[in-house]
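**Student:** model this:
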Amino acid sequence: MERFLSKLFEKMRNSKAGTLFAFFFFVTGVLLCIFGFFKTLFIILFTAVGFFVGSFLFSDTSKFKKFLDRILPPGRVR
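**Tutor:** Numbers count the residues shown, from 1 in each chain. Sure thing, here's the model as predicted:
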């Protein structure tokens, strides 16, 4: 997690963080106007969980293969 945060902060230093956050808050504002507070919170929560799970599983292909072997019978995936 620490490695991920350091990469994120390094990208923010090298890019225009103001534009990125303006876009994020614009999208959040539009979602609030369309769906309301709790539905927007639900969408943001599941998006964040999906991002962190995806970044964890796809950061290393061996972790992803072990995850698939746990869910599916081993040997049938590959």
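
**Student:** ok, residue 58 touching residue 64?
**Tutor:** Yes - if you go by C-beta atoms under 8 Å, residue 58 and residue 64 touch, sitting 6.1 Å apart. C-beta here means a position set from N, CA and C on the backbone, and glycine is covered the same way.

**Student:** more crowded one of these two?
**Tutor:** residue 64 (14 against 10; other C-beta atoms under 10 Å).

**Student:** give me the contact list for the helix ranked longest in the chain.
**Tutor:** Counting residues, the longest helix found in the chain (DSSP state H) is helix 37-58. Residues from elsewhere that reach helix 37-58 (C-beta atoms under 8 Å, 6 or more residues apart in numbering): 4, 28, 31-32, 35, 63-64, 67.

**Student:** list buried residues within those residues.
**Tutor:** Buried by 16 or more other C-beta atoms under 10 Å: residue 31, out of these.
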